[in-house]
Every structure is written in structure tokens, then in C-alpha cells.
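A.B. asks: Quick one: sequence plus predicted model below, questions after.
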Amino acid sequence: MELVDVVNEKGEFTGQVVARDVARRNHLPHWEVVVFIINDKGEMLLQKRSANKKYNPNKWAPLSGGVVAGESLIAATKRELKEELGILVHDYDLHVLEENANLTRIYYMKCNYNPKDFTIQKEELSEVKWFDIDDVIKMIMKHDDSIIIKENRTPLLHKLKTFAN
């Protein structure tokens, strides 16, 4: 059972700690992190969520995860990268792209690994693949249900393109 810190609308800790499924079921606010991984070719790495995932199975998504109780946002991000992709990063590798009202800190980082270089966590995802950022935007705009990135995130993807080169 994974525990999370409940936060207020400003993202400040309330002192309440609950199981993640309790937080989701009761709509208790808690922090989550997302990482858009880009390479020098103007591509972004997406991971195909495992078929056994409760939410959005078999869909393409950026790396994301919850912040466990007592963990900083940057530590949670580094942990998720290690667990899901098998990569170690430094704090300075991660750049804040956005922090939004839904209590999600969105980072981006550069990485030029071949998909074979990642050690993926099979319980969480089935594969990783580089996608041209413009192709991802087209998928989103066509409401392609194989990807879970929403249309309101396309400005972030346009912004990502400026960092890729």
C-alpha cells in the first residue's frame, strides 16, 4: 500500500497521510509528477502503459507517477525514472515545464538513449518509443484514443520543441 501526503489547494501539506487509492476514491488532493523526455532529433519518448494497468491500459503516455508520503517532487521524479525506465538522473537534468492547478509538476529532460537502452518496468509498461513531437500533436488533435495526452497540453508540446534542438 502506497501512502500519499494530502495537500490543500495551494499544494501545501496538511499533515494528513492516506493510501493512494483512498486519496483517488475520495478526491483528496495530492501531488503527482510528469516527465516529458525529449531528444536532439525533436522527438519525445512515450511509454505504452501495461495491459494490466487500472487506468488507461495499453495507451501511450509520458512518464508519470505519484509522490509518496514524505517525498519531494524531484525525488519522486527521479524514483519514477529509475523504476519505470531504469535510468538515473541528477536534479540538474530535470527542468520544470509547468506546475498546474491539478497539483501536477511537469518536468522535461533531454535524453538520447536508444529504446533498447531502457530497462522498462514490465508491471507498469510494455514498451517505449520515440515519437516526433509534431506527430504526437497530430495524434492529440485527432483525438486518437491510443494516447492519453489531452488537447490542452499541446502548448506544452510546442514549447518542448524549442528545447529539443
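C.D. replies: Ah, there it is.

A.B. asks: which secondary structure elements does the least confident helix or strand in the chain by mean pLDDT contact?
C.D. replies: Least confident helix or strand of the chain, by mean pLDDT, DSSP states H and E, is strand 95-100 with a mean of 88. Counting contacts by 3 or more CB pairs under 8 Å, 6 or more residues apart in numbering; DSSP states H and E, strand 95-100 is packed against strand 104-110, helix 154-164. C-beta coordinates here come from the backbone N, C-alpha and C atoms, glycine included.

A.B. asks: Go through the ones you listed and name the closest to residue 85.
C.D. replies: If you check each of these against residue 85 by CB to CB, strand 104-110 wins as the nearest, at 11.0 Å.

A.B. asks: Tell me the helix or strand right after the closest one.
C.D. replies: Downstream of strand 104-110, the first helix or strand assigned by DSSP states H and E is strand 125-132.

A.B. asks: That following strand vs helix 154-164, what angle?
C.D. replies: 70 degrees (axes from the mean of the first three to the mean of the last three CA atoms, to 10 degrees).

A.B. asks: which residues make contact with strand 125-132 from outside it?
C.D. replies: For strand 125-132, contacts defined as CB atoms under 8 Å, 6 or more residues apart in numbering pick out 39, 41-51, 58, 60, 84-85, 115, 118, 120.

A.B. asks: Point out where this protein drops to low pLDDT.
C.D. replies: For the chain, the stretches with pLDDT under 70 are 101.
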